[in-house]
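S.K.: just a sequence and a predicted model for now, questions to come.
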Amino acid sequence: MDYSPIIQELIQALRQLPSVGTRSAERYALFLLESPVSVSERLAEAILEVKAKIQPCDRCGFFSETSICSVCADSTRDSKLWCIVEKPHDVLKIEKTGAFKGLYHVLGGRLSPIEGVTPEDLTIALLERRISENPPEEIVIALSADVEGETTSLYIAQLLKGKPIKVSRPATGLPAGGGLEFADSVTLGFALSGRRQIS
């Protein structure tokens, strides 16, 4: 005997979440089934609201409820120091270190010829436009130390070659082949403080 098709559909929907396997999805589904309706309603409303109201910042690509995010709108940030990251949640990871006081640029991914991800699929054109309008003095490329991350970093460094911009990478602390999501705040803070110049 198995669950009804409706419950099975909920389990399959929950399995789409990161790190949620069949058993976890089944546990979550049963919790929602056995909880008051208000719990499911609150969850559904929160998901719909975040999808309706959160958008990428027009300037950097970070999460925002308005056209310009709170980081870009903060006049106390160092506008001459930028950090390039892959995803919006990487901004939050770096912000938690307290080691970076500049601005950000979210690429929206990494170059991957195997998966067909080209520069046109990322926000590289927006990055070039931002640089031409208000060039920074330094750009920190904080991408994962795997093949795609290194390829993207080298592409951006080549793009900036010849411009009066210092290009650096986070130094010690980040493991080779690992992403920012696996680094704790202290490790990431040390890496940003000891960044190295690559061009």
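M.R.: Cool, the structure landed.

S.K.: roughly how far apart are Asp74 and Leu30?
M.R.: According to C-beta to C-beta, to the nearest Å, Asp74 and Leu30 sit 44 Å apart. No exception for glycine: its C-beta is placed from N, CA and C like everyone else's.

S.K.: quick one, domains of the protein?
M.R.: For the chain, automatic domain parsing gives the domain ranges 5-53, 75-197.

S.K.: those domains: which one's closest to Gly61?
M.R.: Closest approach to Gly61 among the domains of the chain is made by domain 75-197 (3.2 Å; C-beta to C-beta).

S.K.: still on that earlier bit, can you tell me which of the domains of the chain is most buried?
M.R.: domain 75-197 (a mean of 17; mean count of other C-beta atoms under 10 Å).

S.K.: helices along the protein, start to end?
M.R.: With helices called from DSSP state H, the chain shows them at 5-14, 22-34, 37-53, 70-73, 88-95, 124-133, 147-159, 185-193.

S.K.: adding mean pLDDT and distance to Ser79, write the ones you listed out as JSON lines.
M.R.: Converted to JSON lines, those look like this (pLDDT from 0 to 100; distance: least, C-beta to C-beta, whole Å):
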{"stretch": "helix 5-14", "mean pLDDT": "95", "distance to Ser79": "42"}
{"stretch": "helix 22-34", "mean pLDDT": "96", "distance to Ser79": "43"}
{"stretch": "helix 37-53", "mean pLDDT": "96", "distance to Ser79": "27"}
{"stretch": "helix 70-73", "mean pLDDT": "96", "distance to Ser79": "9"}
{"stretch": "helix 88-95", "mean pLDDT": "95", "distance to Ser79": "16"}
{"stretch": "helix 124-133", "mean pLDDT": "95", "distance to Ser79": "11"}
{"stretch": "helix 147-159", "mean pLDDT": "91", "distance to Ser79": "19"}
{"stretch": "helix 185-193", "mean pLDDT": "68", "distance to Ser79": "18"}
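
S.K.: looking at those, spot the one closest to Leu81.
M.R.: Per C-beta to C-beta, nearest to Leu81 of the helices of the chain: helix 185-193, 10.7 Å.

S.K.: residue contacts, the residue nearest to the spatial centre of the chain?
M.R.: In the chain, the centroid-proximal residue (C-alpha atoms, centre = their mean) is Lys87; its distance is 1.9 Å. Contacts for Lys87 (C-beta atoms under 8 Å, 6 or more residues apart in numbering) come out as 106, 108-109.
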